[in-house]
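# got a predicted structure plus its sequence, pasted below:
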Amino acid sequence: MTTATPTRHYWIFTADPHHYHWDTLFVKGKEMWHGAGSKPDAIRALKQVRKGDRVLCYHAAPDRSFYSIAEVTRDPYPDPHDRKEKNLVADLRAFEKLPRQVTLAEMRANKELKKVKFLKNVRLIVSPITDVEYQEILRMAGIVPQPGIPLP
């Protein structure tokens, strides 16, 4: 009997480095991420995130660059600090800092990434990306696949 393995999805999560720096996740190792806040678009997208998905962590202005990779360790759930119970959070685990940060300008110049939804609206806090787009961003950051070793 074989069991189907769930498909891993890839996401961009955005944080303002003045309010939440992705280094915080690496110091703590694992943390409840509540960056979606009460923004309807972000909450709608966060509802699709699942345990095991990979997240590219993006710092908004002034950095405007991809910083690290995280893994979702729990499906999104109601924010325990939200009295109205409308906001969602997700638990993230620090996975790996990118060897080289990839800037927004570099992404926009890359023809392989022209369909990335995030590039059309950089105000998106949670945005899906494809496996191919994820791998291209990792390549730009200096992470290249090696035979027998899967990409992070």
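Looks like it arrived, so ask away. Numbers count the residues shown, from 1 in each chain.
# how close does residue 100 sit to residue 139?
When distance is defined by CB to CB, to the nearest Å, residue 100 is 11 Å away from residue 139. Bear in mind the C-beta positions are built from the backbone N, C-alpha and C, glycine included.
# residue 84 too?
Counting by CB to CB, the gap from residue 84 to residue 139 is 42 Å.
# please say which of those two ends up with more neighbours.
Applying other CB atoms under 10 Å to residue 84 and residue 139 shows that residue 139 carries more neighbours, namely 15 against 8.
# quick check: which element contains that one?
Assigned by DSSP states H and E, residue 139 falls within helix 131-141.
# other SSEs contacting that helix?
Here helix 131-141 touches strand 10-15, strand 54-59, strand 65-78, strand 88-103, helix 104-109, going by 3 or more CB pairs under 8 Å, 6 or more residues apart in numbering; DSSP states H and E.
# winner for burial among these?
Greatest average neighbour count among the helices and strands packed on helix 131-141 goes to strand 54-59 (a mean of 24), per mean count of other CB atoms under 10 Å.
# need the contact partners of it.
By CB atoms under 8 Å, 6 or more residues apart in numbering, the residues outside strand 54-59 that reach it are 8-17, 21-22, 25, 65-72, 92, 95, 118, 129, 134, 137, 152.
# switch to 6 Å and redo it
Applying CB atoms under 6 Å, 6 or more residues apart in numbering, the contact partners of strand 54-59 are 10-14, 17, 22, 65-68, 70-71.
# note down every partner strand of it and its orientation.
Here the strand partners of strand 54-59, with direction, are listed using DSSP bridges: strand 10-15 (parallel), strand 65-78 (antiparallel).
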